[in-house]
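Participant: My questions are about this predicted structure, shown below with the sequence.
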Amino acid sequence: MLARILKLCLQLLLITEVSCFAFPMPLQYKRSKGTLKCTCMSYDRRNAIVKGLVLANIPKIAQAYNADELQHVQIYEKCAPSVCYISTEYKNIAEELKMSPKNTKNLPKGVGTGFVWDTDGHIVTNFHVINKVDKAEVSLTDASGQTSKYTAKLTGVDPDRDIAVHKIDNSSELKPITIESIDDVKIGQYAYAIGNPFGQDHTFTMGIISGKNREITSPTGRKIKGMIQTDAAINPGNSGGPLLDSSAKLIGMNTATFGMGVSSGVNFAISIDMIKETVSEIIQYGIVQRAVLGITYIEKLPEELVELHAVQKGVIVLQVPTTSPAFTAGLLGIDKASKTLGDVIVAIDDNPVNNPSDMLAVLEKYKPGNKIKLHVLRGNKIPMVLDIELASFRVHTFAGLQYEKELPKTASVPLDVPLDNIAPEVKPGMK
């Protein structure tokens, strides 16, 4: 009864405060040191009333926890059933290395985190969590504490953005995580992480958003831009887990830390907007719809060619596969036998290309099938313009995981990302 009376009183006070803000009255002002101040619109006062309402709603819990603690508890309890424990195995590596059965027990067994994306059973995590694995087991724990385990199938990957999507066959009701927009994320707001650091499942940490629009390097060497920086603790095993705001909505995926394998207070998460774009394409097509030239390139010339060619800017074409549309258009790579430089890409349409980062940023503007004019310097001397129809990013990276859907044969270009480079490299001096 007392709690109900308290709740009613607090509600009346809050209504009074809001009314004073909308319709200020002379009696609500007082003079302080020569200035008029409103006595009704104190932030601390309104905040205390709101906290009181929370406590009045849950009187038994309020005896043990304050309003901030209650908020943290509610965020964890709402999101924990959506967070997965991912354990991985690398058995096929033993066969490739011809290891004896006695030594296979020394093979690495990985631990990572993921989260439920939809009710169809799609699980999102980092690519580096499942790179080259032969088996991925996903564990989900419901609100009652009961844990269920599933063998995951692979829906698709985007190594350039360090994103992967799994699929589990689940007959029970899944609880997808609620998502937010990066536009609503502000520096200084609270941030919460749930993950499995060092195998400690469903560990909950908190901090703030320390920065936005950071840049890290993906496992493939490509830049990932628009990263969120947070000081919420991120450690090995947290990779692929959710970064949440105070309304328990997903704002990013925890990916990397600036520390030497442990949280440094300078940690990074892939933004939710990038996740949404990539995951939706992977679920729909099995691959990301990213436009590529279908070539390999290098940033610096080999030593034997440096003396012959001084390339100051542009992208040096290394190889042009015969299946690439760039080959059909006549693009040339380096002839290693004769030590002859082929083409150096200097522009795409009207967009100048000074380095590989420029080229990749420009290609983000296009879709597979778009036609472009590729400006090159043949032998770094003769300007030429080639008409090229952009290809689609299509790779496979696994031997052991079963795919959710069989991909077309055109998606069979192998991509080898070494296991010793499975986490993004974070470089200082980011803008």
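Facilitator: Yes, it's here.

Participant: Can you show me the helices along the stretch 51-200 of the chain?
Facilitator: For the stretch 51-200 of the chain, the helices defined by DSSP state H, counting those that start in this stretch cover 59-62, 67-79, 91-96, 127-130.

Participant: Comparing those by mean pLDDT, which bottoms out?
Facilitator: Among the helices of the stretch 51-200 of the chain, helix 59-62 carries the lowest mean pLDDT, a mean of 53.

Participant: got the domain boundaries for this protein?
Facilitator: Per automatic domain parsing, the structural domains of the chain span 2-64, 65-287+394-431, 291-392.

Participant: Give me whichever of those domains is most buried.
Facilitator: domain 65-287+394-431 (a mean of 18; mean count of other C-beta atoms under 10 Å). Glycine gets a C-beta too; all of them are placed from N, C-alpha and C.

Participant: Quick check: the gap between G195 and C79.
Facilitator: According to C-beta to C-beta, to the nearest Å, G195 stands 11 Å off from C79.

Participant: Look up the residues forming beta bridges with T230.
Facilitator: I209, N267 (DSSP bridges).

Participant: quick one: secondary structure of the residue most central in space within the chain?
Facilitator: By C-alpha atoms, centre = their mean, the chain has its centre lying nearest to I270, at 2.9 Å. Of the three states, I270 takes strand under DSSP: H, G, I helix; E, B strand; the rest coil.

Participant: which residue sits closest to it in space, ignoring its chain neighbours?
Facilitator: M253 (4.6 Å; C-beta to C-beta, 6 or more residues apart in numbering).

Participant: what does K135 give?
Facilitator: E89 (4.4 Å).

Participant: go on, D120?
Facilitator: K167 (7.6 Å).

Participant: so who does that neighbour touch?
Facilitator: K167 makes contact with 120-123, 152-155, 404, according to C-beta atoms under 8 Å, 6 or more residues apart in numbering.

Participant: what's the most distant pair in those residues?
Facilitator: D120 and L154 (14.7 Å; C-beta to C-beta).

Participant: where are the low-confidence patches of the protein?
Facilitator: Along the chain, the model assigns pLDDT under 70 to residues 1-63, 92-108, 171, 260-261, 302-309, 394-400, 407-431.

Participant: measure the closest residue to V311 other than its chain neighbours to S338 for me?
Facilitator: Closest residue to V311 apart from its sequence neighbours, by C-beta to C-beta, 6+ apart: N380 at 5.4 Å. Applying C-beta to C-beta, the value for N380 to S338 is 15 Å.

Participant: Let me know whether V133 touches E89 as I believe.
Facilitator: Yes: the criterion here is C-beta atoms under 8 Å, and V133 meets it with E89 at 6.4 Å.

Participant: circling back: for the residue nearest to V311, what is the enclosing helix or strand?
Facilitator: Take DSSP states H and E as the rule and N380 turns out to sit in neither a helix nor a strand.

Participant: contacting residues around it?
Facilitator: Per C-beta under 8 Å, 6+ apart, neighbours of N380: 309-311, 314, 341, 344.

Participant: for K223, same thing?
Facilitator: K223 neighbours (C-beta under 8 Å, 6+ apart): 215-217, 357, 360.

Participant: let's see 10 Å
Facilitator: 160-161, 215-217, 356-357, 360-361, 424, 427 (C-beta atoms under 10 Å, 6 or more residues apart in numbering).

Participant: Next: S357.
Facilitator: Shown in contact with S357 (C-beta under 10 Å, 6+ apart): 215, 222-223, 225, 299, 315.

Participant: Repeat the analysis, applying 7 Å as the threshold.
Facilitator: Shown in contact with S357 (C-beta atoms under 7 Å, 6 or more residues apart in numbering): K223.

Participant: secondary structure element for T255?
Facilitator: Going by DSSP H and E, T255 is part of strand 250-257.

Participant: Pull that strand out as PDB, backbone CA atoms only.
Facilitator: Output of strand 250-257 as PDB, limited to C-alpha atoms (Å, rounded to 0.1, in the frame of the first residue of the first chain):
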ATOM      1  CA  LEU A 250      22.300  -3.300 -30.700                       C
ATOM      2  CA  ILE A 251      24.600  -0.500 -31.900                       C
ATOM      3  CA  GLY A 252      27.700  -2.500 -32.900                       C
ATOM      4  CA  MET A 253      29.600  -5.800 -33.000                       C
ATOM      5  CA  ASN A 254      32.700  -6.100 -30.700                       C
ATOM      6  CA  THR A 255      35.700  -6.800 -32.900                       C
ATOM      7  CA  ALA A 256      39.100  -5.600 -31.700                       C
ATOM      8  CA  THR A 257      41.100  -4.100 -29.000                       C
END
